[in-house]
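Asks: Dropping the sequence and predicted coords here.
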2 protein chains.
Amino acid sequence: MSAYSLELRAWAYLARVAEPPGGPLRMLVEEIGVVDAARAVRRRAMPPGYDDVLGLTQARHESDCEISDLDAAARVGARLVTPDDDEWPGWSLMSLAQADTAARGGPPLVLWARGPGQMNAVANCSVALVGSRAASNYGEYVVASLAAGVVAEGCAVVSGGAYGIDGAAHRSVLASGGLTAAVLACGIDRDYPAGHSQLLTQIANSGVTISEYPPGTTAAKHRFLTRNRLVAALSSVVVVVEAGRRSGAANTAAWARKLGRPLGAVPGPVTSAMSVGCHRMVADGLAALVTTASEVMSLVRPDGQGGSNESPKRVTDTLSSAQRRVHDAIPGRGSATVEEIAYAAAIEVSAVRSALATLDVAGLVVPSEGGWRLV
Amino acid sequence: MSAYSLELRAWAYLARVAEPPGGPLRMLVEEIGVVDAARAVRRRAMPPGYDDVLGLTQARHESDCEISDLDAAARVGARLVTPDDDEWPGWSLMSLAQADTAARGGPPLVLWARGPGQMNAVANCSVALVGSRAASNYGEYVVASLAAGVVAEGCAVVSGGAYGIDGAAHRSVLASGGLTAAVLACGIDRDYPAGHSQLLTQIANSGVTISEYPPGTTAAKHRFLTRNRLVAALSSVVVVVEAGRRSGAANTAAWARKLGRPLGAVPGPVTSAMSVGCHRMVADGLAALVTTASEVMSLVRPDGQGGSNESPKRVTDTLSSAQRRVHDAIPGRGSATVEEIAYAAAIEVSAVRSALATLDVAGLVVPSEGGWRLV
């Protein structure tokens, strides 16, 4: 008799049986439950319409690692977090289901997490600070300063645990006593890069390291690209601090845009190759230019005090962040149900109802066709 | 008997009789000619509708300095350039008549010029490189590099002759053998700032120094602001290289926008107070972020090779700069005469006719109501 529940073992089995383990497998779990889904995959007996799962799981369906994976995670103090857990950052990951993310697997099926930091707390208010591994002293100084400022505003800092900008961001948060999350491109029990072994342990001691890959998985180029979508999804805002002409940070930036996350880029000397990517994003209108933590926070909370925007000009400028997101989530034409609005705004239904009430009083929305429409 | 013509003396008289000597005085000259205008002012006998000129010229109408002004200019090798001269950069200055520039006098009545550089040649293709007097080493390095790049592209560099960014821009052009113009806020025979006495002489030796103020006029704060409109008007593009939070360069930048000149700003370290103004302009969407001379030139010639824009997406992307300006000058609704288009596009009538012929063949415009309208 295993120490793990049937459900947890089923999740762990499915987490390894395909890579990336999202898409059709996730739908199968939603339809028939995780235990039956694991059984169906193992026995190659799919319900109608799920034949594509057979192909996805062909290579690994005989895998029998669920207990050893759970044990490996437990040995490093990590846990398997599933959509059934309170900690599951469902609202944040929902954007991955909306975006055209088929090629990268959509939302993760599960996440492995190590550390006291709760993923839903991270995703609730967080800034991704990402950039070059070959960061300049300038870049490391600036990202440390931004990270400390974000922490001071009560937000978490998400990054990729890599050398350069990522590492400087995490270190600054640790020094500031804030919450930081490192999203890994390898198994939760692996230290990659090896030189960041101590840093990753420190992050796991006070924050959280996160991976969608089963324990033991080695870092690989395609996993970095897949990982980047999680960095963007788990963050309220993505800020590129330094990026060369061909930087991995550009990929995270592209995910931010795909997922509707505000994107900022930090300028630097035009003489620095490490700022070329940031300048390009701003010049091309893809990223907002940000220079201080306060400007970053004004992307997180557009209705806040930060940044340079002053004196409300429109009624919607006076709305709270949630109210504005609800307002923006209602289509320009026709109406939307509360559930549709909640989905589009990535805000819980109860909060959507509360925001709609305020918007109604403000004369900005009216009930219509069983839902709501803009006035 | 004076060595100067009656007309030149009349211009010189009117150039001193009001400050700034534009607006109603210019209209009076256009209506009755310069000699009669000077006589009317001196005798306080205005044609109907020009009573406001009496007020503007009250304080100085007894001035008798026209010959001494022309002599003072001649002593430093300067000349009085009027709208009657081929060198008059009329098309560039026309934007000042369109913009809401009453408070600063609209187009200048005349310009005093010193040096072999012809003002119309400067205005034909020129980049204003402006910025802080308290420039950083970084800023001086970058502006020198941009100035050299602009010269290599065959364009002139306009600036204000001040310490810091202005001076570094002029010096770089002189070192590159290019054409540079310094627009002064004092008389053409004055060296301001005194520490730039030698630099201004060098500019006048190969380029041109320009002022709308009579010889002997001292620099004053309001004259810097008035001068800034000429820097913008005489330039195809304005680029702010460094600007602190409250920089005079922001005023030139505002003129650029008012006059429809593309505005660029150079980023720098977020840790530098001298880049705060540039970052603010970019973040607020007022200026394009530019990092190289090639990007600056792509603002000058949006249809050129410079910059990051590739692969034409619309028919209008294949147009020459002049053709596009003509196209853009035609209103979205209704039609415009060739003269109206020439005015709005600031392109000579003959060139407008040539561009319209091409646009007609391309199916973008059609003759309509004695003018042209967009298809």
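Replies: Yep, it's here.

Asks: Contact residues of chain A facing chain B?
Replies: Residues of chain A lying close to chain B (CB under 8 Å from any CB of the partner chain) are A:138, A:141-142, A:266-271, A:275-276, A:279-280, A:282-284, A:288-292, A:295, A:308. Every residue, glycine included, has its C-beta placed from N, CA and C.

Asks: and the gap between residue A:15 and chain B?
Replies: 41 Å (CB to the nearest CB, to the nearest Å).

Asks: Sorry, slip of the keys, the one I care about is residue A:197.
Replies: Going from residue A:197 to chain B by CB to the nearest CB gives 31 Å.

Asks: tell me the SS of the closest residue to that residue other than its chain neighbours?
Replies: Leaving aside its sequence neighbours, residue A:197 sits nearest to residue A:191 (CB to CB, 6 or more residues apart in numbering or on different chains; 4.0 Å). Under DSSP: H, G, I helix; E, B strand; the rest coil, residue A:191 falls in the coil class.

Asks: Run through the residues that contact whichever residue of the stretch 251-375 of chain A sits closest to chain B.
Replies: Residue nearest to chain B within the stretch 251-375 of chain A: residue A:267 (3.3 Å; CB to the nearest CB). By CB atoms under 8 Å, 6 or more residues apart in numbering or on different chains, the contact list for residue A:267 reads A:275, A:278-279, A:282, A:289, A:291, B:267-268, B:270, B:275, B:279, B:282, B:289.

Asks: let's see 6 Å
Replies: Residue A:267 makes contact with A:289, B:267, according to CB atoms under 6 Å, 6 or more residues apart in numbering or on different chains.

Asks: where's residue A:97, which helix or strand?
Replies: helix A:90-98 (DSSP states H and E).

Asks: just checking, what packs against that helix?
Replies: Contacting helix A:90-98 under the criterion 3 or more CB pairs under 6 Å, 6 or more residues apart in numbering or on different chains; DSSP states H and E are the following elements: helix A:221-233.

Asks: Report the angle between the helix or strand just after the helix it packs on and helix A:221-233.
Replies: Next helix or strand after helix A:221-233 toward the C-terminus (DSSP H and E): strand A:237-242. Here strand A:237-242 runs at an angle of 130 degrees relative to helix A:221-233 (axes from the mean of the first three to the mean of the last three CA atoms, to 10 degrees).

Asks: What does residue A:296 show for phi and psi?
Replies: The phi and psi values for residue A:296, taken as degrees, to the nearest 10, are phi -60, psi -40.

Asks: which residues of the stretch 201-350 of chain A fall in helices?
Replies: If DSSP state H, counting those that start in this stretch is used as the criterion, the helices of the stretch 201-350 of chain A fall at A:221-233, A:248-258, A:276-283, A:293-300, A:321-329, A:338-345, A:349-361.

Asks: which residues make contact with the helix or strand harbouring residue A:142 from outside it?
Replies: Using DSSP H and E, residue A:142 falls within helix A:137-152. Helix A:137-152 is contacted from outside by A:127, A:129, A:157, A:165, A:168-169, A:172-173, A:176, A:178, A:241-242, A:266, A:268, A:274, A:293, B:270, using CB under 6 Å, 6+ apart.

Asks: Return the set of buried residues in that helix.
Replies: By 16 or more other CB atoms under 10 Å in any protein chain shown, the buried positions in helix A:137-152 come out as A:138-151.

Asks: Would you mind listing the outside residues contacting stretch A:177-192?
Replies: A:72-73, A:76, A:78, A:112, A:114, A:117, A:122, A:151, A:156-158, A:160-161, A:170, A:173, A:197, A:200, A:203, A:207-211, A:213, A:215-219, A:223-224, A:227, A:230-231.

Asks: Can you check the pLDDT for residue A:309?
Replies: pLDDT for residue A:309: 37.

Asks: For residue A:241, give me its contacts.
Replies: Residues near residue A:241 by CB under 6 Å, 6+ apart: A:129, A:131, A:139, A:142-143, A:165, A:266.

Asks: repeat for residue A:160
Replies: A:166, A:183, A:231.
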